[in-house]
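Asker: Sequence and computational prediction follow.
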Amino acid sequence: MDVIQLVYQNKVYIVLGTNVGNWKNNFKQSLVKLSDLGTINNFSSVYLSRPYGYEYQNYFYNMAIELLTKKDPYKLLNDFKLIEKKLKKKKEIKNGPRSIDIDIIFYNKLIINKFFLTIPHPRAHLRDFVLYPLCEINPFYNHPILKKTIKELANNLKKKFIFKKIIRQKENLLTF
């Protein structure tokens, strides 16, 4: 089992996505619940993108968060699943419609490869709707496996899904 130091704040990069229901409400409820798990240290603008994978669905709204927490990655994943359940996430199709999706992209510089948890997220480097919001928060974060910065990975993307950036005021996390 991985040994995680819990005396300090772990820095976790998370991406939220939604395309079912009211995206503002879905994000607000998620952010309130995420703030119970630690401190939201930074967050990106919201990006509107075409669906990835399953194409016959609504556009997605995505944003990234830097969360400081004392929770280990396994407990955090469990807490994220509980939040998704409370917000009525129904994932019936792979990459299909959902009210909320909460993904751990990076957790400190950890590399975890279990059947139920993979960190860094195994496809984050292929998705602009993950990289662009992360780039707003920390463009020089170095991917622990690929050894490239978020900015470098974003600049090297071939396929783009984002078509609009919704800029938010940084003063109030819950203002959309």
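Answerer: Now that the structure is in, tell me what you want to look at.
Asker: contacts and neighbour counts: CA atoms only from here.
Answerer: Noted.
Asker: And the pLDDT for residue 95?
Answerer: Among the per-residue scores, residue 95 holds a pLDDT of 71.
Asker: Same check on residue 3?
Answerer: Per-residue pLDDT puts residue 3 at 54.
Asker: do the same with the one 10 residues further on
Answerer: Model confidence at residue 13, expressed as pLDDT, equals 98.
Asker: which stretch of helix or strand covers it?
Answerer: Here residue 13, judged by DSSP states H and E, is contained in strand 10-18.
Asker: That strand: partners in the sheet, and parallel or antiparallel?
Answerer: Applying DSSP bridges, strand 10-18 is found paired with strand 60-69 (antiparallel), strand 101-107 (antiparallel).
Asker: Need those in JSON lines (columns: distance to residue 134, mean neighbour count and mean pLDDT).
Answerer: Below are those laid out as JSON lines (distance: least, CA to CA, whole Å; neighbours: other CA atoms under 10 Å; pLDDT from 0 to 100):
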{"stretch": "strand 60-69", "distance to residue 134": "6", "mean neighbour count": "24", "mean pLDDT": "96"}
{"stretch": "strand 101-107", "distance to residue 134": "9", "mean neighbour count": "22", "mean pLDDT": "97"}
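Asker: Could you list the low-pLDDT ranges of this structure?
Answerer: Low-confidence segments of the chain (pLDDT under 70): 1-8, 89-93, 96, 168-176.
Asker: Tell me how many other residues crowd residue 108.
Answerer: Using other CA atoms under 10 Å, residue 108 has 16 neighbouring residues.
Asker: oh sorry, the question was meant for residue 140
Answerer: With other CA under 10 Å as criterion, residue 140 counts 14.
Asker: Tell me if it really is in a helix.
Answerer: No. Using DSSP: H, G, I helix; E, B strand; the rest coil, the secondary structure at residue 140 is coil, not a helix.
Asker: quick one on the thing from earlier: between the helix or strand just after the strand holding residue 13 and strand 60-69, how many degrees?
Answerer: Downstream of strand 10-18, the next assigned helix or strand under DSSP H and E is helix 23-35. Angle, helix 23-35 to strand 60-69, by axes from the mean of the first three to the mean of the last three CA atoms, to 10 degrees: 10 degrees.
Asker: by contact count, what packs against helix 23-35?
Answerer: If contacts are counted by 3 or more CA pairs under 8 Å, 6 or more residues apart in numbering; DSSP states H and E, helix 23-35 sits against strand 10-18.
Asker: Need the contact partners of the strand it packs on.
Answerer: Residues outside strand 10-18 that contact it (CA atoms under 8 Å, 6 or more residues apart in numbering): 26-27, 60-71, 97-108, 130, 134.
Asker: looking at the strands paired with strand 10-18, which is closest to residue 147?
Answerer: strand 101-107 (13.2 Å; CA to CA).
Asker: How about residues contacting that closest one?
Answerer: Strand 101-107 is contacted from outside by 10-18, 73, 77, 80-81, 84, 89, 119-121, 124, using CA under 8 Å, 6+ apart.
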